[in-house]
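> Sequence unavailable; structure follows:
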């Protein structure tokens, strides 16, 4: 199955499945592809794929994804082979712009889910939930129903905090294949959710969207950073302050490395030396 991209300016026919066959501006940041999409752009394409019951996966990327890709070639390949990689963090938006993609804007996972739920209600497209604890899923379903009464949540499962057995995995695949789910929200951490989606493309007839902490935010179990911190690219600082024991290693080790390595990439780009581009597994 070939990866498809769409243009930044969407034509009216994008509401049809065939309208997603358009080129989307993108660039590789430290070897990992990031697409210059938008909320409308991503939402319209996901719904178009869902209507055709296509098996796709969408990654919502932060600096953490980039550094995981930098350190693990196998993970970089599956990120580059995703059907869409959105710039969740402002550093990736600034990176795209500095590399010559001025149309880049932030597509944050939690906000993408809310925009997508608006559209899914309009279109009558069923959604599924995979990930999080049982209590998180219970709270999330209640929050979704309160905000979108007409949203059809056709599946919800909290997987164990360990790799699934083959029998368990086959059960998940069979259940989703028999369900009306067309969009599956995957709320695991990176790189787990991205690896899980990549391994299930072609097996689950739905668009899989890895949304990370969005389950916790939308269920009300965790606070989100104030808007001014999100716009300033300082959301990481808010999350570090609220979850220091869990996140200190990620932010205090990876963020400085990202700045140094991306600075070197930018210098090479300014000097006219094109960085090596990872070849996708599927043709673009």
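Thanks, I have it. Not measured: the values here are computed from a predicted model.
> Give me the helix or strand of this structure that scores worst on average pLDDT.
In the chain, no helix or strand scores lower on mean pLDDT, DSSP states H and E than helix 235-242, which sits at a mean of 64.
> mind checking the longest helix of the protein?
The residue-count maximum for a helix in the chain (DSSP state H) belongs to helix 244-270.
> Check which helices and strands that helix sits against.
Helices and strands touching helix 244-270, by 3 or more C-beta pairs under 8 Å, 6 or more residues apart in numbering; DSSP states H and E, are helix 63-71, helix 90-98, helix 235-242. Where C-beta positions appear, they are placed from N, C-alpha and C, glycine not excepted.
> Need the winner for burial among the ones you listed.
helix 63-71 (a mean of 22; mean count of other C-beta atoms under 10 Å).
> where along the stretch 101-250 of the chain do the strands fall?
127-131, 153-157, 183-187, 207-210 (DSSP state E, counting those that start in this stretch).
> Specify the beta-bridge partners of the closest residue in space to residue 188 that isn't next to it in sequence.
Counting by C-beta to C-beta, 6 or more residues apart in numbering, residue 188 lies nearest to residue 131, which is 4.5 Å off, once chain neighbours are set aside. Beta-bridge pairing of residue 131 under DSSP bridges involves residue 187.
> just checking, residue 131 touches residue 156?
No: under the criterion of C-beta atoms under 8 Å, residue 131 makes no contact with residue 156, lying 9.6 Å away.
> Look at the two and report which has more neighbours.
Neighbour count, other C-beta atoms under 10 Å: between residue 131 and residue 156, residue 131 has more, with 25 against 19.
> Counting neighbours, what do you get for residue 157?
Around residue 157 sit 15 other residues, with neighbours defined as other C-beta under 10 Å.
> so how far is residue 116 from it?
19 Å (C-beta to C-beta, to the nearest Å).
> Ok, residue 189 next?
For residue 189, the distance to residue 116 - C-beta to C-beta - is 20 Å.
> Tell me the secondary structure at the residue nearest to the spatial centre of the chain.
Centroid-nearest residue in the chain, with C-alpha atoms, centre = their mean: residue 60, separated by 2.3 Å. Classification of residue 60 using DSSP: H, G, I helix; E, B strand; the rest coil returns strand.
> nearest residue to it other than its sequence neighbours?
residue 109 (3.9 Å).
> likewise residue 215?
residue 187 (3.6 Å).
> Could you give the number of residues near the one you found?
26.
> what sits against residue 187?
When contacts are counted by C-beta atoms under 8 Å, 6 or more residues apart in numbering, residue 187 is found next to 129, 130, 131, 132, 136, 193, 211, 212, 213, 214, 215, 216.
> Which among those residues count as buried?
129, 130, 131, 132, 136, 193, 211, 212, 213, 214, 215, 216 (16 or more other C-beta atoms under 10 Å).
> Now pLDDT and distance to residue 174 too, for the residues you listed, in JSON lines please.
What follows is these, written out as JSON lines (pLDDT from 0 to 100; distance: C-beta to C-beta, whole Å):
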{"residue": "129", "pLDDT": "98", "distance to residue 174": "17"}
{"residue": "130", "pLDDT": "97", "distance to residue 174": "14"}
{"residue": "131", "pLDDT": "94", "distance to residue 174": "19"}
{"residue": "132", "pLDDT": "90", "distance to residue 174": "21"}
{"residue": "136", "pLDDT": "92", "distance to residue 174": "24"}
{"residue": "193", "pLDDT": "96", "distance to residue 174": "21"}
{"residue": "211", "pLDDT": "93", "distance to residue 174": "24"}
{"residue": "212", "pLDDT": "83", "distance to residue 174": "26"}
{"residue": "213", "pLDDT": "85", "distance to residue 174": "29"}
{"residue": "214", "pLDDT": "88", "distance to residue 174": "26"}
{"residue": "215", "pLDDT": "91", "distance to residue 174": "24"}
{"residue": "216", "pLDDT": "86", "distance to residue 174": "28"}
